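K.L.:
Predicted model and sequence below, questions to follow.
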Amino acid sequence: MGIVKAGSKKEETRERILRAAARAIRKHGYEGVGVADVMKEAGLTHGGFYAHFESRDALLAAAADQAGAESIETLTRAIAVAKPGQELIALVDTYLSDGHVAAPEQGCAIAAAGSEVPRQQAEVRRAARRRIKDIIGLIERQFPEWGRSAAHDKAMGIAATLVGALVLARAVDDAQLSHRIRKAARELIRAAAG
């Protein structure tokens, strides 16, 4: 019985580390993630790191996956509570919300640090690719009436529009312009989805 409890405690600790690292990636980018800072944020000592991860790169890959999973979870919840026929709009509105713009450390890791992914180790790039494909798949499922190929292509365009609009909305130092960028993206997506 003690072994199961110890195993679950280790898994809980690993999850705390991953959540802290996922926040750090979104807040500081991949290059700004230090093991000591992540462990401190998780409420742990630096020395315990290697009991959970082989290396910083292994942590970054797992954290990229964690951050992506958290984004998918948020978007899936938005879809689940949407009125029938409004699922895509709920996803878009959640992604382009004021809250998402204001809190990159809690949002989409691709919008927050995607430009750094090509310079990361292969395992980080693979994790990012999986989660990008997950987002595309989630959007694609909002077009059941379209053929798979057409829905997939449309979903890729919508995902790219969402990420690009969020990056631009965060980059500008003008709240009105940020709002207009997101409004234009919403209108473009609505027109494409129709």
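P.N.:
Structure's in. What do you need? The model shown is predicted, which means the values in this text are computed figures rather than measured ones. Residues are numbered from 1 along each chain as shown.

K.L.:
any chance you could map the strands in this structure?
P.N.:
Taking DSSP state E as the criterion, the chain contains no strands.

K.L.:
show me where pLDDT drops low in it?
P.N.:
1-7 (pLDDT under 70).

K.L.:
at 90 instead, please
P.N.:
Low-confidence segments of the chain (pLDDT under 90): 1-11, 32, 43-51, 144-149, 192-194.

K.L.:
Without its sequence neighbours, what residue ends up closest to the residue most central in space within it?
P.N.:
Centroid-nearest residue in the chain: C108, 3.1 Å away (criterion: C-alpha atoms, centre = their mean). With sequence-adjacent residues excluded and distances taken as C-beta to C-beta, 6 or more residues apart in numbering, C108 is closest to S71, at 4.8 Å. In short, each C-beta sits where N, CA and C put it, glycine included.

K.L.:
cool, and M156?
P.N.:
I136 (5.5 Å).

K.L.:
One more: Q142?
P.N.:
Nearest non-adjacent residue to Q142, counting by C-beta to C-beta, 6+ apart: L88, 4.2 Å away.

K.L.:
so what's the one you found up against?
P.N.:
L88 is in contact with 139, 142-143, 158, 189, 193, counting by C-beta atoms under 8 Å, 6 or more residues apart in numbering.

K.L.:
Pick the one among these closest to A150.
P.N.:
F143 (7.7 Å; C-beta to C-beta).

K.L.:
Tell me which residues touch the closest one, please.
P.N.:
88, 150-151, 154-155, 193.

K.L.:
E105 against K27, yeah?
P.N.:
Yes: counting by C-beta atoms under 8 Å, K27 is a contact partner of E105 at 3.8 Å.

K.L.:
Name the residues contacting each of the two.
P.N.:
Common neighbours of E105 and K27 (C-beta under 8 Å, 6+ apart) are A112.

K.L.:
returning to that earlier point: now the residue nearest to the centre of the chain: phi and psi?
P.N.:
The phi/psi pair for C108 (degrees, to the nearest 10) reads phi -70, psi 120.

K.L.:
and if you look at R141?
P.N.:
Main-chain torsions, R141, degrees, to the nearest 10: phi -70, psi -10.
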